[in-house]
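[1] sharing a model prediction with you, sequence too.
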Amino acid sequence: QVQLIQSGGGSVQPGESLRLSCAASGYTDGGNCWGWFKEREMVASIYLGASRDTAYYADSVKGRFTISRDNAKNTLNLQMIALTPDDTAMYYCAFGGRYCFDSTQYHNWGQGTQVTVSS
């Protein structure tokens, strides 16, 4: 069982950047996906991207979001730039998927962190 603790997030203005982190306790290797999702009102588990053998991204965030993995700290990071109000959501990290884009594949979820983008 992997426990995920998220940090980062908050409120920013449009165009600004934020960094989210997801620290894991437990084994996070083994070829599984470690991913990021967001949830907005009426729309759950929107795939953003994941790390496995490499980093994968949803088309909607390519060029703006960067996923990095610190194996020494067992942490997954999500760097977000050029944020817009559409990025406002609750963000979750998750581990355990085989098909990275499919939220139902993941067994372990972080507690979530709110990102709000407004002027």
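    Received the coordinates, thanks.
[2] mind listing what Pro14 touches?
    Contact analysis of Pro14 by Cβ atoms under 8 Å, 6 or more residues apart in numbering lists 83-85, 117-119. Glycine gets a C-beta too; all of them are placed from N, C-alpha and C.
[3] ChimeraX command to pick out the buried ones of those residues?
    Selection of the buried residues among the contacts of Pro14 in ChimeraX, burial being defined by 16 or more other Cβ atoms under 10 Å:
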select :83,117
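[4] in JSON lines: the contacts of Pro14, plus pLDDT.
    Listed next are the contacts of Pro14 as JSON lines, based on pLDDT from 0 to 100:
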{"residue": "Leu83", "pLDDT": "97"}
{"residue": "Thr84", "pLDDT": "97"}
{"residue": "Pro85", "pLDDT": "96"}
{"residue": "Val117", "pLDDT": "98"}
{"residue": "Ser118", "pLDDT": "97"}
{"residue": "Ser119", "pLDDT": "95"}
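[5] quick check, nearest of the contacts of Pro14 to Ser51?
    Proximity of the contacts of Pro14 to Ser51 was ranked by Cβ to Cβ; the top entry is Leu83 with 20.9 Å.
[6] no further queries at this time; thank you.
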